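> build me a structure from this.
(one chain, ligands or ions: 1)
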Amino acid sequence: MEKYGLYINGEWVKSSSGRTFETKNPANGETLASFAEGTREDVFKAAEAAGKAFPNWKQFPAPKRGEILLKAAAIMRARKEELGALVTKEMGKVIAEGKGDVQEAIDFLEYIAGEGRRLLGETTPSELPGKLCLTLKQPIGVVGCITPWNFPMAVPCWKLGAALICGNTIVYKPATLTPLCAAKLIEILEQAGLPAGVLNMVTGPAEVVGEAIVQHPGIRAISFTGSVATGKDIYSKASRMLKRVGLELGGRNPQIVMEDANMDLAIEGVLFGAFGTAGQRCTATSRLIIHEKVYDEVMERLLRRTKALKVGDPLDPKVDVGPVASREQEDKVLKYIQIGMEEGGKILCGGKKLKGNLYEKGFFIEPTIFEAKHGMRITKEEIFGPVLAVIKVREYGEAVKAANDVEYGLSSSIYTGNVNLAFRAIQDLEAGVTYINAPTIGAEVHLPFGGVKNTGNGTREAGTEAIHEFTEIKSVFVDFSGRLQKAQIT
Ligand code: NDP
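Residues are numbered from 1 along each chain as shown. Here you go, the predicted structure:
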């Protein structure tokens, strides 16, 4: 079994407590690797190393930083099969999606590497003669990145890649469920030439390692992806210290199907959106809002297709849905299924933990569809599992009202053949992302990603917006007039 320490100042070291923990495959319980359980003291060491590395990394030309990221992307591309299988083993998503996770990481690193030759500022005229005004983007300093388990390669690359290209140094805490993917990523970045101290990883429990990162006075910004509850906790603590905080939190994403939709497309879309990654994506389609005129047709076809989905070993390319990521996830999803039944939702298919030989050692739940009424908890709260709530509506206005009436606002989708309605939906849906005739999942890395309402605090990841999360703006005035000029004073 592989054993990993903490990665501090370019070295793999033991935790100061000497304690370790292991990760397991959620499909069969196999132990994958052992990791050091970091402490507060270890976070302080990591922050110190990052602080010492910062002045040099800041001076390291941004295009050269980009070359390191490009090299890391090339290594990942060469090892895509192996890394994709690792994602699948550690997190449980099916192998095609495991490779997709790695591909998204590669795409982002390649994209953001190019930003090393831009990091664009502005130039603008001065109100005075013989004077030039411009803005520069500068790194923030030491930043903390805290990532979830559902995209164990892609999400860390979004954060680490953007922070690094901008010239920041990092203390990184991966999710306790997926440290092996994180450790491989560190090895790859090291192999690509990242200098010691620039990126430091401390694995370990949220309440110790995560908390210490958030509270450390030398860590000037926090970038976090995960649940709303944790996001609020981090925001309240970090903002008291006036830290920059970037939050990408949950979703309860609707797909609307209007009466004039292409039904084949709409059904393919919801199957992929709801049950891909066993519903454990922040952008998963968790609510299907159907116009009453096509409700029966959509449901008949959707149920038939859902019942035919193959649940099983996610490494088997013929399997459609793998396990959920952990026993806690399994308990949470089953609890929500119970809640749905208690509040009057009708289970149309699925609803149970799968048992029997194949499933005995893993966390498998049947793809589940609830006929629900708008307002029930199972239509409003983030379940994060293979559970879809279906709502029937009479017209477009009612569909949009149902879609918007949740605390989240990450992704949204409408299937319609009516171009006017499509454009209305782009304006009406309260979400950071809207898809027309496509499912709620499928972000592309060169567009900003994030949400409105309780999905975040207004920051965006990916695209050029990622640069804003990790830079400070400096305004520069160059006076070449040779005399004292006083702005605003005549
Ligand atoms: P959390 O939000 O609890 O955890 C996400 C990351 O934050 C992990 O690295 C975790 O560490 C860390 N963390 C947790 N609490 C703190 C804290 N107080 N201070 C600093 N860091 C902290 O998500 P879970 O993994 O527990 O999943 C629970 C639910 O969150 C899911 O069921 C889902 O609803 C939602 N979620 C949403 C995601 C999204 O993409 N928006 C992604 C993952 C989860 P550790 O792993 O050690 O606990």
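> quick one: residue 109 is in a helix?
Yes. Residue state for residue 109 (DSSP: H, G, I helix; E, B strand; the rest coil) corresponds to a helix.
> check the burial of it by counting its neighbours.
Neighbour count of residue 109, defined by other Cβ atoms under 10 Å: 31. From N, CA and C alone the C-beta is placed, and that goes for glycine too.
> pLDDT score assigned to the residue of the stretch 301-450 of the chain found nearest the ligand?
Going by Cβ to the nearest ligand atom, the ligand is nearest to residue 384 of the stretch 301-450 of the chain, at 3.6 Å. Note on residue 384: pLDDT of 96.
> thought it was touching residue 330?
No. Here residue 384 does not reach residue 330: they are 11.0 Å apart, not a contact under Cβ atoms under 8 Å.
> more neighbours, these two?
residue 384 (25 against 19).
> got the contact list for the more buried one?
Applying Cβ atoms under 8 Å, 6 or more residues apart in numbering, we find residue 384 in contact with 150, 250, 279, 280, 284, 329, 332, 333.
> 6 Å instead?
residue 280 (Cβ atoms under 6 Å, 6 or more residues apart in numbering).
> and the stretch 301-450 of the chain, which of its residues are near the ligand?
Within the stretch 301-450 of the chain, the positions adjacent to the ligand are 332, 382, 384 by Cβ under 6 Å from any ligand atom.
> helix, strand or coil for the second one?
Following three-state DSSP, the label given to residue 382 is coil.
> contacts only, for it.
250, 252.
> could I have the CA atoms of the lowest-mean-pLDDT helix or strand in the chain written out in PDB?
Across the helices and strands of the chain, mean pLDDT, DSSP states H and E gives its lowest value to helix 377-380, namely a mean of 92. What follows is helix 377-380, C-alpha atoms only, in PDB (Å, rounded to 0.1, in the frame of the first residue of the first chain):
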ATOM      1  CA  ARG A 377     -37.800  19.500   1.100                       C
ATOM      2  CA  ILE A 378     -36.700  17.000  -1.600                       C
ATOM      3  CA  THR A 379     -37.300  19.700  -4.200                       C
ATOM      4  CA  LYS A 380     -35.400  22.300  -2.200                       C
END
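> sec struct for residue 369, please.
Using three-state DSSP, the structure places residue 369 in strand.
> with residue 474 instead?
Quick answer, by three-state DSSP: residue 474 is strand.
> now do the residue lying closest to it once chain neighbours are set aside: how many residues are near it, please.
In space, and not counting its chain neighbours, residue 474 is closest to residue 136: 4.6 Å by Cβ to Cβ, 6 or more residues apart in numbering. Applying other Cβ under 10 Å, we find 14 residues neighbouring residue 136.
> state the pLDDT value of residue 136.
Here, the pLDDT recorded for residue 136 equals 97.
> assign it to helix, strand or coil.
At residue 136 the chain is in strand, as set by three-state DSSP.
> centre of the chain to stretch 36-50, how far?
Taking Cα atoms, centre = their mean, to the nearest Å, one finds stretch 36-50 lying 24 Å from the centre of the chain it belongs to.
> average pLDDT for it?
Mean per-residue pLDDT for stretch 36-50: 98.
> just checking, residue 170 is part of a helix?
No. Counting by three-state DSSP, residue 170 is not part of a helix but strand.
> quick one: contacts for it?
So residue 170 contacts 143, 145, 163, 199 (Cβ under 6 Å, 6+ apart).
> what's the answer for residue 353, then?
Applying Cβ under 6 Å, 6+ apart to residue 353 gives the contacts residue 365.
> can you check the pLDDT for it?
For residue 353, the pLDDT comes out at 97.
> distance of it relative to residue 320?
Residue 353 is 17 Å from residue 320, where distance means Cβ to Cβ, to the nearest Å.
> does residue 203 touch residue 34 like I think?
No. In this structure residue 203 lies outside contact range of residue 34 using Cβ atoms under 6 Å: 10.4 Å.
> three-state assignment of the closest residue to residue 130 other than its chain neighbours?
Spatial nearest neighbour of residue 130, chain neighbours left out: residue 481 (2.9 Å); criterion: Cβ to Cβ, 6+ apart. Recorded secondary structure, residue 481: coil (three-state DSSP).
> tally of neighbours for residue 481?
Using other Cβ under 10 Å, residue 481 has 11 other residues around it.
> three-state assignment of the closest residue in space to residue 28 that isn't next to it in sequence?
Spatial nearest neighbour of residue 28, chain neighbours left out: residue 361 (4.7 Å); criterion: Cβ to Cβ, 6+ apart. What three-state DSSP gives for residue 361 is coil.
> burial count for residue 361?
For residue 361, the count of nearby residues is 15 (other Cβ under 10 Å).
> what distance do you get for it to residue 71?
According to Cβ to Cβ, residue 361 stands 39 Å off from residue 71.
> state the mean pLDDT of the very next helix or strand once past the least confident helix or strand of the chain.
Sequence-wise, the next helix or strand downstream of helix 377-380 (DSSP states H and E) is strand 387-393. The average pLDDT within strand 387-393 is 97.
> so which elements touch the next helix or strand after strand 387-393?
Counting by DSSP H and E, the next helix or strand C-terminal to strand 387-393 is helix 396-404. Using 3 or more Cβ pairs under 6 Å, 6 or more residues apart in numbering; DSSP states H and E, the elements in contact with helix 396-404 are strand 285-291.
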